[in-house]
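# Okay, predicted coordinates and the sequence, questions at the end:
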Amino acid sequence: MATVVRPARASDRAFIDSLGELSAAASFSILRPAASGVPAESFRRLAAFCFEQPGTVTLVAEHEGRQAGFLILLTSVPDEVTRREQAFVAYMAVEEGARRRGVGRELLRAAENEARARALPHLSLMVTASNHRARTLYGGAGFVEERVQMTKPMQEGAG
């Protein structure tokens, strides 16, 4: 069965919150260990920010008739360097059992379509360097590295 991507409904919020909180640990760098509960709280804060922004688009992917992933797309927050308009994938998550089945690719395609429909000049996202599966997905979808954040641990033996 094909993956179908649709706009999120109010009834999807529990799914989005649950999967977002569960998957948030993957967005943390191995150089910056987080205390228990911090990744989930970070997701909740990010989601609250996104849902307050005008023009936020939340998409849900269904695979085999079940919710399988979601993507939160900001369309009204300009690029912090150029101040130009952009579409920005603030968060994307796919359930473990639905990975490698095209769900992420379809979510990205729907985000691209949304960006084009709004005539936004580019679609951007951030990914943790150690998240190799996500980086492979994004590279395969045509995303290229534009900036690199570098971190140096300040404690002996860290990292």
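Yes, it's here. The structure displayed is predicted, hence computed values, not measured ones.

# what's the spacing between stretch 78-86 and its chain's center?
Put simply, stretch 78-86 sits 18 Å off its chain's centre (Cα atoms, centre = their mean, to the nearest Å).

# the strands in the protein, which residues?
For the chain, strands defined by DSSP state E occupy the ranges 3-7, 57-63, 66-74, 87-94, 123-125.

# Let's have those in JSON lines, adding mean neighbour count.
Where C-beta positions appear, they are placed from N, C-alpha and C, glycine not excepted. Listed next are the strands of the chain as JSON lines, based on neighbours: other Cβ atoms under 10 Å:
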{"stretch": "strand 3-7", "mean neighbour count": "16"}
{"stretch": "strand 57-63", "mean neighbour count": "21"}
{"stretch": "strand 66-74", "mean neighbour count": "23"}
{"stretch": "strand 87-94", "mean neighbour count": "23"}
{"stretch": "strand 123-125", "mean neighbour count": "18"}
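
# so which of those comes closest to G20?
strand 87-94 (5.8 Å; Cβ to Cβ).

# Can I get that closest one as CSV, trimmed to CA atoms?
Extracted C-alpha coordinates of strand 87-94, given in CSV (Å, rounded to 0.1, in the frame of the first residue of the first chain):
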residue,chain,number,x,y,z
ALA,A,87,10.5,27.0,4.0
PHE,A,88,12.1,25.3,6.9
VAL,A,89,11.5,21.7,8.1
ALA,A,90,11.4,22.3,11.8
TYR,A,91,10.8,18.7,12.7
MET,A,92,10.2,15.4,11.0
ALA,A,93,9.8,11.9,12.5
VAL,A,94,8.9,8.5,11.1
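
# ok so, going back, which one of the strands of the chain lies closest to A35?
Between the strands of the chain, strand 87-94 lies closest to A35; by Cβ to Cβ that is 20.5 Å.

# For the closest one, name the packing helices and strands.
helix 13-23, helix 38-52, strand 66-74, helix 103-117, strand 123-125 (3 or more Cβ pairs under 8 Å, 6 or more residues apart in numbering; DSSP states H and E).

# Cheers, nothing more for now.
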